[in-house]
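In: no sequence for this one, just the structure:
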């Protein structure tokens, strides 16, 4: 197969992956929109009674989702939304059930992430403890939870991406009910809710507080709207960045085959995406080989030492200095494309001879405008949850392409094989 023919085959594979995501996203949310709306209401009642969200993930991939949903609730990025208490419990603390038993209280909400059969017992045991304690339970595979949402896509990457949209939607829309006091047990209704700064996002917040079914129907419509929005954004991200993804995959494959490592970094929700990306290289699906990858967000002692003694801007740069070698690849995730610590890390990586890849939102920010990375993948949106969801699709596709591109020293002949 010639180089041009192989590039065409890779582009067709990206199209297949894009279409699979569009179908899975539409099928799931059309089927589950009303249940998701009612689940938001159940969560809001728990938060209103002083409950907390306890997010559980034992495997490396599930850990990234547990951390992600926790940071979204504690540090909301939507104007006018209050912080809600959330704690992530992950595998580094040991088995999940004992961790949960030590912390869970009756009004809490427990959300369990485990997608593989090997890790499923962790979720099942934790859900059992949570239900015995009186917690509201949510899970994404059969585990005995009150609210179970199964995507059931054969590709674990697609499954995880739909689940990420799901928990972002829960986070965004739980506030609708939480702010309608008359819809929550034990709280007094007001004639009309003052929507304040959220009115442009959720105009139905100003409706009566007595008609639960009407609000559920509005929230159901909002779920569908958000799912369509991210579906379109995933499509545009993958189609517009197809050539860049292929080029970045070739750089990654050349580095990894030559003994290099991937270094991943990001802030907040993007930090959890860096965790997930590294997990996908260290513990890959589909029988792919394990690849060398380092998560620069992983070690809290290093992060806090640098932030305290030097400054937050240097938390990734100092680690690039410590770990980065010529021929490695630094992958930065940023919704804004302008975070100072990300830009410093990319600059340091380039100075040390690393290949640089950036996944950015909005219009690409400084990283795209100033060409601060060798490969820049832009997700053109200003809505942070949707950006992160589309970026997850982009780096999952990048992970697959890394195995599909030809090794630089020995071009392969024959048909592409994808998971």
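Out: Yep, that arrived. Since this is a predicted model, take the numbers as computed values, not measurements. Numbering: from 1, shown residues only.

In: Tell me the spacing between residue 72 and residue 254.
Out: Going from residue 72 to residue 254 by C-beta to C-beta, to the nearest Å gives 36 Å. In this view, the C-beta of every residue, glycine as well, is placed from N, C-alpha and C.

In: Show me the shaky parts of the stretch 1-150 of the chain.
Out: Residue ranges of the stretch 1-150 of the chain with pLDDT under 70: 1, 79, 115-116.

In: repeat that for 50
Out: Residues of the stretch 1-150 of the chain meeting the criterion pLDDT under 50: none.

In: more neighbours, residue 72 and residue 254?
Out: residue 72 (27 against 17; other C-beta atoms under 10 Å).

In: does the more buried one belong to a helix or a strand, and which?
Out: Element membership of residue 72 [criterion: DSSP states H and E] is helix 60-74.

In: just checking, what packs against that helix?
Out: Helix 60-74 sits against strand 53-57, strand 86-90, strand 109-113, helix 156-178, helix 269-282, with contacts defined as 3 or more C-beta pairs under 8 Å, 6 or more residues apart in numbering; DSSP states H and E.

In: List just the one of the ones you listed that sits closest to residue 359.
Out: Closest to residue 359 of those is helix 269-282 (C-beta to C-beta; 8.1 Å).

In: Report the mean per-residue pLDDT for whatever helix or strand comes next after that closest one.
Out: Sequence order places strand 293-295 as the next helix or strand after helix 269-282, per DSSP H and E. The average pLDDT within strand 293-295 is 98.

In: List the contacts of strand 293-295.
Out: 261-264, 274-275, 277-278, 281-282, 323 (C-beta atoms under 8 Å, 6 or more residues apart in numbering).

In: Among the residues you listed, name the buried ones.
Out: When those are checked for burial by 16 or more other C-beta atoms under 10 Å, the buried set is 261-264, 274-275, 277-278, 281-282.

In: any chance of the residues you listed in a markdown table, plus pLDDT and distance to residue 295?
Out: A markdown table is the format used below for those (pLDDT from 0 to 100; distance: C-beta to C-beta, whole Å):
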| residue | pLDDT | distance to residue 295 |
| --- | --- | --- |
| 261 | 98 | 11 |
| 262 | 98 | 9 |
| 263 | 98 | 8 |
| 264 | 98 | 6 |
| 274 | 98 | 6 |
| 275 | 98 | 6 |
| 277 | 98 | 8 |
| 278 | 98 | 4 |
| 281 | 98 | 10 |
| 282 | 97 | 9 |
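
In: Show me which of these is closest to residue 9.
Out: Using C-beta to C-beta, residue 281 comes nearest to residue 9 of the buried ones among the contacts of strand 293-295, at 22.9 Å.

In: Could you list the buried residues of stretch 215-223?
Out: For stretch 215-223, using 16+ other C-beta under 10 Å, the buried residues are 215-216, 218-220, 222-223.

In: Kindly report the same for stretch 87-105.
Out: Using 16+ other C-beta under 10 Å as the burial criterion, the residues of stretch 87-105 that qualify are 87-91, 96-97, 99-100, 104.

In: Can you show me the helices along this structure?
Out: Ranges of helices in the chain, per DSSP state H, are 3-48, 60-74, 96-103, 120-133, 156-178, 212-240, 242-257, 269-282, 300-309, 317-323, 340-351, 365-369, 384-404.

In: Could you check how many residues crowd around the closest residue to residue 285 other than its chain neighbours?
Out: If the residues on either side of it in the chain are set aside, residue 285 comes closest to residue 156, at 5.0 Å by C-beta to C-beta, 6 or more residues apart in numbering. Neighbours of residue 156 under the rule other C-beta under 10 Å: 18.

In: surely residue 156 meets residue 284?
Out: No. If you go by C-beta atoms under 8 Å, residue 156 and residue 284 don't touch, sitting 10.0 Å apart.

In: one step back: now, which of the contacts of strand 293-295 sits nearest residue 145?
Out: Using C-beta to C-beta, residue 275 comes nearest to residue 145 of the contacts of strand 293-295, at 23.6 Å.

In: okay, the residue nearest to residue 233 when sequence neighbours are not counted: pLDDT?
Out: Spatially, and ignoring its direct neighbours in sequence, residue 233 is nearest to residue 390 (4.4 Å; C-beta to C-beta, 6+ apart). On pLDDT, residue 390 comes in at 98.

In: give the contact list for residue 390.
Out: By C-beta under 8 Å, 6+ apart, residue 390 lies in contact with 230, 233-234, 236-237, 379, 381.

In: and if you look at residue 120?
Out: Contacts here follow C-beta under 8 Å, 6+ apart; on that basis residue 120 touches 114, 141, 143.

In: Go again with 6 Å.
Out: With contact taken as C-beta atoms under 6 Å, 6 or more residues apart in numbering, residue 120 is in contact with residue 114.

In: The closest residue to residue 288 other than its chain neighbours and residue 220: what is the separation?
Out: Closest residue in space to residue 288, ignoring its immediate chain neighbours: residue 403 at 5.1 Å, by C-beta to C-beta, 6+ apart. Distance, residue 403 to residue 220, by C-beta to C-beta: 39 Å.
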